[in-house]
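K.L.:
Just the structure for this:
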Amino acid sequence: MTSARLGTLGTVTRPDQQPQTFHQPLPPPGWIALSVQGNRWTASPFAPVVRLNGQVVPASYGENVLPVHPGRIRVDARCQLVAEYGHAAIDVDVAPGQTVPVSYAPPMHRFAPGRIGPGPQPREGMLAAVLLLSLQLFLALTSLALAVGSLVLSYHLMTR
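P.N.:
Predicted coordinates:
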């Protein structure tokens, strides 16, 4: 007669022996120290979606310490507003008890890719974002100048 129970504690019984109990210790966990660069004003009003081996984990801007099982872990991050954008992924090896630093930089606009790596990453799309904001500022100042010029011209025409 042999019986066994699954789990970390198990019991094995043989007809000629007394029950024996054994313990299989779990390996110590590892951690991923994920730094999400940017904030609600410079990236997206919503925190990026982070997946570890395909499972969504809670994350926010700034430092996030995520417990993981030792081994190869796929870190996948992306932003979401109306649609997903800024996708970036990396595979990291985590040893038992080790903390692996990973940094995700969301793009400056939705048409650029995100960046992910072991240290701080440059944010993609900075040039396009600066050019777009400069164009908007130029158009706003031009509109203001035309409005003021129109008022001054109409005042001069009325006072003649």
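K.L.:
For the chain, which residues score under the pLDDT cut-off?
P.N.:
1-24, 26-27 (pLDDT under 70).
K.L.:
So what's the residue count around F111?
P.N.:
Using other CB atoms under 10 Å, F111 has 11 neighbouring residues. For glycine as for every other residue, the C-beta is placed from the backbone atoms N, C-alpha and C.
K.L.:
That one sits in which helix or strand?
P.N.:
Here F111, judged by DSSP states H and E, is contained in no helix and no strand.
K.L.:
In this structure it contacts G125, no?
P.N.:
Yes. The pair F111 / G125 is scored as a contact, 7.0 Å apart, by CB atoms under 8 Å.
K.L.:
Quick one: the strands in this structure, in order.
P.N.:
Using DSSP state E, the strands of the chain run over 9-12, 20-23, 30-36, 49-52, 55-57, 62-68, 71-80, 84-94, 99-105, 115-117.
K.L.:
Please identify which of the ones you listed is closest to L157.
P.N.:
For the strands of the chain, proximity to L157 was assessed by CB to CB; strand 84-94 is nearest, at 51.2 Å.
K.L.:
quick one on the thing from earlier: closest one to L132 among the strands of the chain?
P.N.:
Among the strands of the chain, the nearest to L132 by CB to CB is strand 84-94 (15.7 Å).
K.L.:
what does that closest one contact?
P.N.:
Contact with strand 84-94 is made by 30-32, 48-49, 68-79, 100, 102, 104-107, 110-117, as judged by CB atoms under 8 Å, 6 or more residues apart in numbering.
K.L.:
in its sheet, what does it sit against?
P.N.:
Within its sheet, strand 84-94 is paired with strand 71-80 (antiparallel), according to DSSP bridges.
K.L.:
Just put the strands of the chain in TSV and tack on distance to L157 and mean neighbour count.
P.N.:
Formatted as TSV, the strands of the chain follow (distance: least, CB to CB, whole Å; neighbours: other CB atoms under 10 Å):
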stretch	distance to L157	mean neighbour count
strand 9-12	95	12
strand 20-23	96	9
strand 30-36	58	19
strand 49-52	59	18
strand 55-57	65	11
strand 62-68	58	14
strand 71-80	53	18
strand 84-94	51	17
strand 99-105	55	20
strand 115-117	57	19
